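Colleague: here is a sequence together with a model predicted from it:
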Amino acid sequence: MTYTTGGPPESYRYEQIVAFTKTDSGWTIDPVKPKNEGGLPPSTVVSAAQLAPAPGARKPLILGPGQVATEAKASAPNSHVPQTKPGTGPKSDQEVTLAAGYNYTAMTNYALNWALGRNGAYRSFGNDCQNFVSQSLKAGGWADQGGWYTYDSSWWYTFANQTYSWVGAQNFHNFAVGQGRVSYLSYLNDLGPADVLQVHWPEGTPDVDHSMFVTYSPWSAGTRDIRVSYHTTDTLNRSIWNLYSSFPYATWYGLRT
């Protein structure tokens, strides 16, 4: 389904089941039913123009020793989502193996491997950013959370369906924060490998619009060179300071996984 009269540039995927019955006079189409009951799945609203490097963008933000970036948002956009434990500062370069039962190296390697492609083991969506992040987290040990697929207290993927929280950026935010899977980082400079960076563009609803996965985060000449990979406009290792300077009015959410 796409707009044909100059509407917004978003697109939506709506799967339906069409059954055919053979009669004496030929084939007839039985009533068409949606594949997923409950209406359209959530869609992360993000356009290629928003994710492409901005023409004439300001020089990327550079942080010297001891300096910090502008604070990440300290509360969720949906007021009913509780805040979890406070941020814990940056991950060290060594803290990318095993922690809290998760294999951060596996997460990061998955994201690096599939940032510029689509894994055929999963369905692909027009707005694929959160689907990509969920796959990366799953690769590193995130366990399924059972429940109805429309509930933000659930998180799972099967051959037939997936939860809203698997594919929707705001739904994932609600799940990950509400279920204690992540904690908020106080500063963007605290982002480390396998953390999640989310953004809300200044226009539209207050919901989170886009999810990205941290795939590179060493210290270099006293500056933390943090880079993210993401889908929709498939991108590998883009500097978050380039993003930050390109979209100065956006709201950023740093999530410690």
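Modeller: Arrived safely. Owing to the predicted nature of the structure, the values given are computational and were not obtained by experimental measurement.
Colleague: neighbours of residue 141, how many?
Modeller: 14 (other Cβ atoms under 10 Å). Any C-beta I mention is one placed from the backbone N, CA and C, and that applies to glycine too.
Colleague: ditto for residue 144
Modeller: 13.
Colleague: chain neighbours aside, what residue packs nearest to it?
Modeller: Spatially, and ignoring its direct neighbours in sequence, residue 144 is nearest to residue 156 (4.0 Å; Cβ to Cβ, 6 or more residues apart in numbering).
Colleague: wait, the one you found sits on residue 164?
Modeller: No: contact between residue 156 and residue 164 fails when scored by Cβ atoms under 8 Å: they sit 10.8 Å apart.
Colleague: ok, those two, which is more surrounded?
Modeller: Neighbours per residue, other Cβ under 10 Å: of residue 156 and residue 164, the larger number sits with residue 164, 22 against 17.
Colleague: ok so, going back, got the confidence number for the residue nearest to residue 144?
Modeller: Listed pLDDT for residue 156 reads 97.
Colleague: picking up where we left off before, anything in contact with each of residue 156 and residue 164?
Modeller: residue 149 (Cβ atoms under 8 Å, 6 or more residues apart in numbering).
Colleague: show me the contacts for the residue nearest to residue 144.
Modeller: Residue 156 neighbours (Cβ under 8 Å, 6+ apart): 144, 145, 146, 149, 162, 163, 166.
Colleague: repeat that for residue 138.
Modeller: Residues near residue 138 by Cβ under 8 Å, 6+ apart: residue 157.
Colleague: again, but for the one 3 residues further on
Modeller: Under the criterion of Cβ under 8 Å, 6+ apart, the contact list for residue 141 reads 101, 102, 103, 106.
Colleague: strands - which of those residues land there?
Modeller: 102, 103 (DSSP state E).
Colleague: that older thread, residue 180: which of the contacts of residue 156 is nearest?
Modeller: For the contacts of residue 156, the minimum distance to residue 180 (Cβ to Cβ) is 10.9 Å, reached by residue 145.
Colleague: can you get me a residue count around that closest one?
Modeller: Neighbours around residue 145, by other Cβ under 10 Å: 15.
Colleague: now it, nearest residue through space, not along the chain?
Modeller: residue 155 (4.4 Å).
Colleague: and for residue 175?
Modeller: Per Cβ to Cβ, 6+ apart, closest to residue 175 is residue 165, 3.9 Å.
Colleague: I'd like the next helix or strand past the helix or strand that contains that neighbour.
Modeller: According to DSSP states H and E, residue 165 maps onto helix 164-167. Counting by DSSP H and E, the next helix or strand C-terminal to helix 164-167 is helix 169-178.
Colleague: tell me the average confidence for that following helix?
Modeller: Mean per-residue pLDDT for helix 169-178: 95.
Colleague: next, the buried residues of it.
Modeller: Using 16 or more other Cβ atoms under 10 Å as the test for burial, helix 169-178 gives 169, 170, 171, 172, 173, 174, 175, 176, 177, 178.
Colleague: check stretch 209-227 too.
Modeller: Across stretch 209-227, burial judged by 16+ other Cβ under 10 Å covers 209-217, 223-227.
Colleague: list just the nearest of these to residue 197.
Modeller: Nearest to residue 197 out of these is residue 212 (Cβ to Cβ; 4.6 Å).
Colleague: pull up the gap between that closest one and residue 195, please.
Modeller: 10 Å (Cβ to Cβ, to the nearest Å).
Colleague: cool, residue 130 as well?
Modeller: Counting by Cβ to Cβ - residue 130 and residue 195 are separated by 15 Å.
Colleague: between those two, point out the one with more neighbours.
Modeller: Using other Cβ under 10 Å as the criterion, residue 130 and residue 195 rank with residue 130 on top: 32 against 23.
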